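**Q** what follows is a predicted protein model with its sequence.
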Amino acid sequence: MSEWMGFSLVVVGGIMQGTYFLGLKYVNPWKWENIWALYALFALLVLPVGLAVATVPHLAEMLDRAPESAVAMIFLYGTGWGIGGVLAGLGVARMGMAMGVSVLLGVTAAIGTFVPLVANTPQLVFTPKGLVVILSVITLLVGVGFAAIAGKKRDESLSDQPTSLEKGTFRAGLAICVFSGIFSAMLNLAFAFSQPVVKAGLETGASNFGALNAVWMVALGGGFIANALYTGLLLTRNKTWSNYTLPKTGRFWLFGLIMGVLWTGGLVLYGRGAASMGQVGAVIGWPLFLAVMILASTIWGFVTGEWKGSSSQAKQYMVAGMVVLLVASALVGVANHM
């Protein structure tokens, strides 16, 4: 597979993951925990296990041959990411799709790019290629900064108008999304440091694609535990288990499945595309993946009316942020070609 094909797969994967949040917006009278629990079941357990079983001929042997410490580390990274995922849902519910996703993914981009860059390819840090990657992440963060300003000004202009966002101050939502970004970066760390497990898969007859699916299965298994525990707690505390049997909500189960397919499918495409970029795939692919996700979620935020009635200044800042994110994506493309 060519590097540009890998680049394209990462872009498509980013669009898919930037779209899956839409399911949160159309499940009233379900509560957040209802749809999030369903999404987590499909995206983090059912689909990853199914993909691994379908694409790895000797899955049990592969995991047995892989170093226990490597498998455990991937699982722990996945658990940390799962905590970030829970925080992501809460943060987006308070800040809105465009703003919340932008902030948490901006933090995730910085940590998820710089750690693999320094740990796996330190020789690239001060090369032209490495410097362009660093510049792309800095540019991405500038775009996120514009988005943060836009979100603050939007909330100020809509303070006296009805909103579908959950109650909560801007600062609380911002803090949640920042911590979510820190934990969410661990998913790329699971990918970046998965070489021993992938090697075990190749040795037992799996393709690189199948071996990566096994890595995702382990990592997302850890993430599922965190999500299941928290949503189960909310379902019990808020007495919302009964919402699953409410009339005229059958289609919400389909929404949960679609959310899972979009999210898991986007992650699989990211892994496939980044792996084709070679040793620097986790470094180059990650900021591109997240920049596209932010762009997609921002566009959907506009389309679904999150910015209706907001001030022209708020919209101008958000458009400026999108332009900067496009520049960041272009810089990643340049680095990929170097």
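**A** That came through fine.
**Q** use CA for all of it now, contacts and neighbours both
**A** Fine.
**Q** measure the residue nearest to residue 105 when sequence neighbours are not counted to residue 255 for me?
**A** Leaving aside its sequence neighbours, residue 105 sits nearest to residue 181 (CA to CA, 6 or more residues apart in numbering; 5.8 Å). Using CA to CA, to the nearest Å, residue 181 is found at 25 Å from residue 255.
**Q** the two: which is more packed in?
**A** Neighbour totals were compared for residue 181 and residue 255, and residue 181 leads with 28 against 20 (other CA atoms under 10 Å).
**Q** for that one, pull up the helix or strand it's in.
**A** Here residue 181 sits within helix 170-184, counting by DSSP states H and E.
**Q** that helix - what's its average pLDDT?
**A** Averaging pLDDT along helix 170-184 gives 80.
**Q** please identify the buried residues of that helix?
**A** 170, 173-174, 176-184 (16 or more other CA atoms under 10 Å).
**Q** list the contacts for residue 172?
**A** With CA atoms under 8 Å, 6 or more residues apart in numbering as the criterion, no residue contacts residue 172.
**Q** poorly predicted segments of the stretch 51-200 of the chain, please.
**A** For the stretch 51-200 of the chain, the stretches with pLDDT under 70 are 89, 92-99, 101-102, 158-170.
**Q** ok, 80 please
**A** 85-86, 88-106, 118-121, 124-125, 144-145, 147-148, 151-175 (pLDDT under 80).
**Q** quick one: the helices in it, in order.
**A** With helices called from DSSP state H, counting those that start in this stretch, the stretch 51-200 of the chain shows them at 59-65, 68-95, 97-120, 128-157, 170-184, 186-192, 195-203.
**Q** to residue 318, which of those helices lies closest?
**A** Evaluated over the helices of the stretch 51-200 of the chain, closeness to residue 318 peaks at helix 128-157, with 5.2 Å, by CA to CA.
**Q** against which helices or strands is that closest one packed?
**A** Packing partners of helix 128-157 (3 or more CA pairs under 8 Å, 6 or more residues apart in numbering; DSSP states H and E): helix 97-120, helix 281-303, helix 312-337.
**Q** what's the longest one packed up against?
**A** Contacting helix 312-337 under the criterion 3+ CA pairs under 8 Å, 6+ apart are the following elements: helix 3-17, helix 128-157, helix 281-303.
**Q** list the buried ones in that helix?
**A** 314-315, 317-322, 324-329, 331-333, 335-336.
**Q** doesn't residue 84 make contact with the residue nearest to residue 105?
**A** Yes: shown here, residue 181 and residue 84 form a contact pair, counting by CA atoms under 8 Å, at 6.6 Å.
**Q** helix, strand or coil for residue 227?
**A** In three-state terms, and counting by DSSP: H, G, I helix; E, B strand; the rest coil, residue 227 is helix.
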